[in-house]
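[1] turn this into a model:
(chains A and B)
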Protein chains: 2
Amino acid sequence: MEHNLQHTISLLTRTPVTLNALLRDLPEGWTLRNEGESTWSAFDVVGHLIHAERTDWMSRARTVLQFGETKAFEPFDRGGHAREIQGKSLAQLLDEFSRLRSENLGELRALNLRQEDLERRGRHPAFGAVTLSELLATWAVHDLTHLHQISRIMAYQYREAVGPWSVYLGVLQCTGHSSSS
Amino acid sequence: MEHNLQHTISLLTRTPVTLNALLRDLPEGWTLRNEGESTWSAFDVVGHLIHAERTDWMSRARTVLQFGETKAFEPFDRGGHAREIQGKSLAQLLDEFSRLRSENLGELRALNLRQEDLERRGRHPAFGAVTLSELLATWAVHDLTHLHQISRIMAYQYREAVGPWSVYLGVLQCTGHSSSS
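    Residues are numbered from 1 along each chain as shown, chains lettered A, B, ... in the order given. Okay, the predicted model is just below:
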């Protein structure tokens, strides 16, 4: 389907509640383990979502609206979540993500974007010209890519516990990984 | 990690709440579309989870405890959700899944399974000998495989809307699929 701003906002609104329902007070065996060296735990992923909320989406949207293609976006720091997670509990990260998302969606709604705004172009440091519509659609799919990743990370912890059923469980065969955004 | 019954129950308890947070009242553009011919929408997946709740997990657990390896499990009908979803709304399916899961977890807890019970073997129609522990771990990972699938199905709806960002979004590269269970 084509990008629809209301559909995007509907999804973006639900992600903090969904992660809260899935992860809060879950045993740390699920939330703090990763998929091996240099991979992320569910805890790390929430830190990454916070970092993106702070530095990526609305910051880039403002850059498009103010500067168009004349100013490239700041590159996103994929390791930037290290600062976000230091000394925090998962409950604190979930609260922080929820708060930042709510603020960002408030700001997005207040922009009252029209179709011609969504077609405005900005400049991505690697891709070149991108539209505001593509940026906002990516915000939503970025949520989904990390929900997908969290379900995969958690399933990985039981990859041996399921015995022969592993061949039937698609999540244990997934090789889709996320890069920087 | 090894199978841990309390960890399994913690996860199984959260899935209905998580799906409710993600899917209830979401625009149908997200919930009723699939990934192309003969694939499932998020709505279909919830129907499948209901069908598994009715016919698979606790039914098989009872078979292990009552008959051991002398009686093979009934094969699971992967198309069985067709009856579950007919004429229903997504809200009705979410309510039904939540109710059945709650009943099944009540029954599971009431069994007061000890380690020696978890090591008991049953007979899977395709795999042969499996343990009760493997069955219960699979119940949890089956939830995760379908959360993973739902996030992929939803992301697919915006595969073009994200423009060049598609190469960075792991969920759009996922080829992990679920088979029958």
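[2] how many residues are close by residue A:138?
    28 (other Cβ atoms under 10 Å in any protein chain shown). Bear in mind the C-beta positions are built from the backbone N, C-alpha and C, glycine included.
[3] whoops, I mixed them up, residue A:98
    Residue A:98, neighbours per other Cβ under 10 Å, totals 17.
[4] repeat for residue A:29
    Residues near residue A:29, counting by other Cβ under 10 Å: 17.
[5] next one: residue A:142
    With other Cβ under 10 Å as criterion, residue A:142 counts 26.
[6] got the angle for the helix or strand hosting it vs helix B:132-156?
    Taking DSSP states H and E as the criterion, residue A:142 maps to helix A:132-156. Between helix A:132-156 and helix B:132-156, the angle comes out at 170 degrees (axes from the mean of the first three to the mean of the last three Cα atoms, to 10 degrees).
[7] check which helices and strands helix A:132-156 sits against.
    Packing partners of helix A:132-156 (3 or more Cβ pairs under 8 Å, 6 or more residues apart in numbering or on different chains; DSSP states H and E): helix A:5-23, helix A:42-55, helix A:57-67, helix A:115-118, strand A:121-124, helix B:132-156.
[8] hmm, who's touching the second one?
    Same thing as helix A:42-55. A:15, A:19, A:23, A:30-32, A:34, A:40, A:74, A:76-78, A:80-85, A:88, A:90, A:93-94, A:96-97, A:100-101, A:104, A:142-143, A:146, A:149-150, A:153-154, A:181 (Cβ atoms under 8 Å, 6 or more residues apart in numbering or on different chains).
[9] now the buried members of those.
    With neighbours counted by 16 or more other Cβ atoms under 10 Å in any protein chain shown, the contacts of helix A:42-55 contain buried members at A:15, A:19, A:23, A:30-31, A:34, A:40, A:76, A:80-81, A:84-85, A:88, A:90, A:93-94, A:96-97, A:100-101, A:104, A:142-143, A:146, A:149-150, A:153-154, A:181.
[10] go through the helices and strands packed on helix A:132-156 and name the closest to residue B:166.
    helix B:132-156 (9.6 Å; Cβ to Cβ).
[11] quick one: the closest one to chain centroid distance?
    5 Å (Cα atoms, centre = their mean, to the nearest Å).
[12] and that helix, what's its mean pLDDT?
    Average pLDDT, helix B:132-156: 97.
[13] now tell me which helix or strand of chain A has the poorest mean pLDDT.
    helix A:81-85 (a mean of 90; mean pLDDT, DSSP states H and E).
[14] which residues does that helix contact?
    By Cβ under 8 Å, 6+ apart, helix A:81-85 touches A:43-44, A:46-48, A:50-51, A:54, A:93, A:96.
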